[in-house]
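>>> Predicted model follows, preceded by the sequence.
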Amino acid sequence: MTVSPSPAEPLLTCRNVTRRFGALVAVNDLSFELNRGEILGIGGPNGAGKTTLFDVISGFVPANEGAVLHRGTDISHMKPHQICHQGLGRTFQLNAAFATLTVYENVLAAAHYGQPKSLLGSLSFQRQAIDTTWEMLEFVGMKERHELVAGSLPVVDRKRVMIAAALATRPDCLLMDEPVGGLNPKEIEDMLGLVRQVRDSGISIILIEHVMRFLVSLSDRVLIMHHGELLFLGAPEEMARDARVAEVYLGKKAAQRIRDFVSKGDAA
């Protein structure tokens, strides 16, 4: 069922979402909302259910219970390509590019297939897809390296290609799974700037990340998962003061560093 969204209506809603794999409950009765223009950061220990949550939202696995709504439309039973066409993009922990294609070809494929098309439109690359490809390559800083084969790129550039491909589908909501995993401090700083550019372009973001300074720097709110359940949801500074988060995830010393980071607005 689709309803007309109002400006105050959340862009994305997870309502009592549960996903089981046999006896394992990977996501358990989880509810939250993503507001328009917001960055929501998700953290938690390994095995907390963070990536499974992304898989449910993006249609890779269905929820056993609950519902996911995007702009008032229930997308819980849509296929991944339908959810993409609805306006929800995603990047992955590992390289999801076509390794034998060039940077340009990877983004062009996303620009072409990431939008619904008629049969005629699906048979040839349209001018709009080509223009979008160049626009997104320039946006992520990969235009000058468009002829390189994706599989030959360093990790940071493969991540940039994934982001460009996701943006080429013209989403209003972007799921980013560990965007700075495996990057060095300079690359993390550069990625911080790029994610802010994405947000400033009008795209709402949910990101999973273990690098807490990155997560805290970007997030308007933080959601912490533990054993598939919501442990905490609120402002970054409140998260750093939460005793349960310190106990099961951050530890007291890391929590103190984050409190110092938030209060000073500088590197901890």
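Structure received.
>>> And Ile206, its phi and psi?
With angles defined as degrees, to the nearest 10, Ile206 sits at phi -120, psi 120.
>>> My read is that it contacts Leu175, right?
Yes - at 5.2 Å, Ile206 and Leu175 qualify as touching, with contact defined as C-beta atoms under 8 Å. Yep, even glycine has a C-beta here, placed from its N, CA and C like the rest.
>>> Overlap in contacts, the two.
Between them, Ile206 and Leu175 share the neighbouring residues Phe54, Ile57, with contact defined by C-beta atoms under 8 Å, 6 or more residues apart in numbering.
>>> May I have the residues that are in contact with Pro62?
Listed by C-beta under 8 Å, 6+ apart, the contact partners of Pro62 are Arg19, Val56, Ser76, His77.
>>> OK, contacts around the last one?
Contacts here follow C-beta under 8 Å, 6+ apart; on that basis His77 touches Pro62.
>>> Against Val211, how distant is it?
34 Å (C-beta to C-beta, to the nearest Å).
>>> Which of the contacts of Pro62 fall in strands?
Secondary-structure check on these using DSSP state E: residues within strands are Arg19.
>>> got CSV for the contacts of Pro62, with pLDDT and distance to Ala164 too?
Conversion of those to CSV gives the following (pLDDT from 0 to 100; distance: C-beta to C-beta, whole Å):
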residue, pLDDT, distance to Ala164
Arg19, 98, 29
Val56, 98, 25
Ser76, 96, 28
His77, 93, 29
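>>> Most neighbours among the contacts of Pro62, please name it.
Neighbour counts for those (other C-beta atoms under 10 Å) peak at Val56, which has 24 neighbours.
>>> do you know how far it is from Pro62?
When distance is defined by C-beta to C-beta, Val56 is 7 Å away from Pro62.
>>> Now do the shared contacts for those two.
Overlap between the neighbourhoods of Val56 and Pro62 consists of Arg19, taking contacts as C-beta under 8 Å, 6+ apart.
>>> residues in contact with stretch 163-173?
If you take C-beta under 8 Å, 6+ apart as the criterion, stretch 163-173 is touched by 11-12, 34, 70-71, 84-85, 87-91, 97, 106-111, 114-115, 129, 132-133, 136-137, 139-140, 142, 174, 176, 179, 194, 198, 202-206.
>>> let's see it at 7 Å
11-12, 34, 70, 84, 87-91, 106-107, 110-111, 114-115, 132-133, 136-137, 139-140, 142, 174, 194, 203-204 (C-beta atoms under 7 Å, 6 or more residues apart in numbering).
>>> got it, and stretch 104-113?
97-98, 125, 129-130, 132-133, 136-137, 146-147, 150, 161, 164-165, 168-169.
>>> In the stretch 151-268 of the chain, where is pLDDT below threshold?
265-268 (pLDDT under 70).
>>> ok, now which ones touch the closest residue to Lys143 other than its chain neighbours?
Ranked by C-beta to C-beta, 6 or more residues apart in numbering and with sequence neighbours excluded, the top spatial neighbour of Lys143 is Leu137, at 4.3 Å. By C-beta under 7 Å, 6+ apart, the contact list for Leu137 reads Val103, Tyr104, Val107, Lys143, His146, Ala164.
>>> Most neighbours among those, which one?
Note: the member of the contacts of Leu137 with the most neighbours is Val107, at 32 neighbours, neighbours being other C-beta under 10 Å.
>>> what about that residue, which helix or strand?
Counting by DSSP states H and E, the element that carries Val107 is helix 103-113.
>>> Walk me through the domains of this structure.
For the chain, the domain assignment from automatic domain parsing gives the residue ranges 1-87+173-268, 98-170.
>>> Show me where the stretch 101-250 of the chain has its strands.
In the stretch 101-250 of the chain, strands defined by DSSP state E, counting those that start in this stretch lie at 173-177, 204-208, 221-226, 229-234, listed in chain order.
>>> Perfect, that will be all.
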